[in-house]
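Enquirer: quick check, what structure comes out for this input:
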Amino acid sequence: MNKPQEDEIIRRVRSGDTDAFGSLVDEYQKNVYNLALRMTGSPEDAQDMSQEAFIKAYNSLSSFRGDSKFSVWVYRIVSNVCLDFLRSRGKNQPMSLNVELDDGETELDIPDLRSLPEDELERALTRQAVRDGLEALPADQRQILLLREIEGFSYEEICRILDLEEGTVKSRIFRARKNLCARLLSGGNIPEKYASEEQKKVKA
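Expert: Numbers count the residues shown, from 1 in each chain. I've put the predicted structure just below:
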């Protein structure tokens, strides 16, 4: 859905056409659910967080300024809803790096680890190590790494999602990468010959 279409739907919702909001839900519910799933690690919690995010989005639509896409705005809502949920639990939740597609669930490739060999066993072990490492991170560090490394948002988009300055976003991503890298290295979960390469990425 392009932005003019979004703008028209939002105008209709603001004018009292409550059914029009369903078009936005249909367009983005899968992506919203997938982010919630990766943050909470639970399909049930992800469903609840997704519903809560869309309710918040509907009730707050008057505050949507339209200077970014609706998807960026709703990602901000769902990521914060999930972050509040994790903090309220007082501990990290088992997480998922899978995404739901039309034909079922599939494992998600990890963009930051594409330099690793294609050997499937090693990739599987690395994927599990990264999953465990992300799970061990503080919720806010997990949030920002998911947005950058898994969802692939730009720094500018993350600034809008998290309502932060670009310098703050970059420093938080740096700390999160450094923390994750340190956990992987200390656990022996990155082959020694790739350790220096991963450390270079942390400095990037």
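
Enquirer: now tell me what touches whichever strand or helix holds Asp140 from outside.
Expert: Following DSSP states H and E, the helix or strand that holds Asp140 is helix 139-145. With contacts defined as Cβ atoms under 8 Å, 6 or more residues apart in numbering, helix 139-145 is touched by 39, 79, 82-83, 86-87, 92, 95, 134-135, 137, 158, 162, 169, 172-173, 175-177, 179-180. No exception for glycine: its C-beta is placed from N, CA and C like everyone else's.

Enquirer: filter those residues down to the buried ones.
Expert: Applying 16 or more other Cβ atoms under 10 Å to the contacts of helix 139-145, the neighbour count classes 39, 79, 82-83, 86, 92, 95, 134-135, 137, 158, 162, 169, 172-173, 175-177, 179-180 as buried.

Enquirer: so how far is the following helix or strand past the helix holding Asp140 off the chain centroid?
Expert: Using DSSP H and E, the helix or strand that follows helix 139-145 in sequence is helix 155-162. On the basis of Cα atoms, centre = their mean, to the nearest Å, helix 155-162 sits 12 Å off its chain's mean C-alpha point.

Enquirer: and if you look at stretch 58-70?
Expert: In this view, stretch 58-70 has its centroid 20 Å away from the chain centroid, taken as Cα atoms, centre = their mean.

Enquirer: got phi/psi on Ser60?
Expert: Ser60 adopts backbone torsions of phi -110, psi 10, taken as degrees, to the nearest 10.

Enquirer: where along the protein do the helices fall?
Expert: Using DSSP state H, the helices of the chain run over 3-14, 21-40, 43-59, 70-89, 120-136, 139-145, 155-162, 166-186, 192-203.

Enquirer: any idea of the mean pLDDT for the second one?
Expert: In this model, helix 21-40 has an average pLDDT of 91.

Enquirer: now do the buried residues in that helix.
Expert: By 16+ other Cβ under 10 Å, the buried positions in helix 21-40 come out as 21, 23-24, 27-29, 31-40.

Enquirer: what do you get for stretch 140-155?
Expert: 140-151, 153.

Enquirer: and that stretch, end to end?
Expert: 16 Å (Cα to Cα, to the nearest Å).

Enquirer: and the closest residue to Asn31 other than its chain neighbours, how many neighbours?
Expert: Spatial nearest neighbour of Asn31, excluding adjacent residues (Cβ to Cβ, 6 or more residues apart in numbering): Ser71 at 7.2 Å. For Ser71, the count of nearby residues is 18 (other Cβ atoms under 10 Å).

Enquirer: pretty sure Ser71 contacts Lys30?
Expert: No. Using Cβ atoms under 8 Å, Ser71 is not in contact with Lys30; the gap is 11.5 Å.

Enquirer: measure Ala182 to Ala176 for me?
Expert: Ala182 sits 11 Å away from Ala176, taking Cβ to Cβ, to the nearest Å as the criterion.

Enquirer: just send the buried residues of stretch 140-155 back as CSV, with pLDDT and distance to Lys3 too.
Expert: Below are those laid out as CSV (pLDDT from 0 to 100; distance: Cβ to Cβ, whole Å):
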residue, pLDDT, distance to Lys3
Asp140, 86, 29
Gln141, 88, 31
Arg142, 87, 30
Gln143, 87, 25
Ile144, 90, 25
Leu145, 89, 27
Leu146, 87, 24
Leu147, 89, 20
Arg148, 88, 23
Glu149, 84, 26
Ile150, 82, 24
Glu151, 83, 19
Phe153, 87, 17
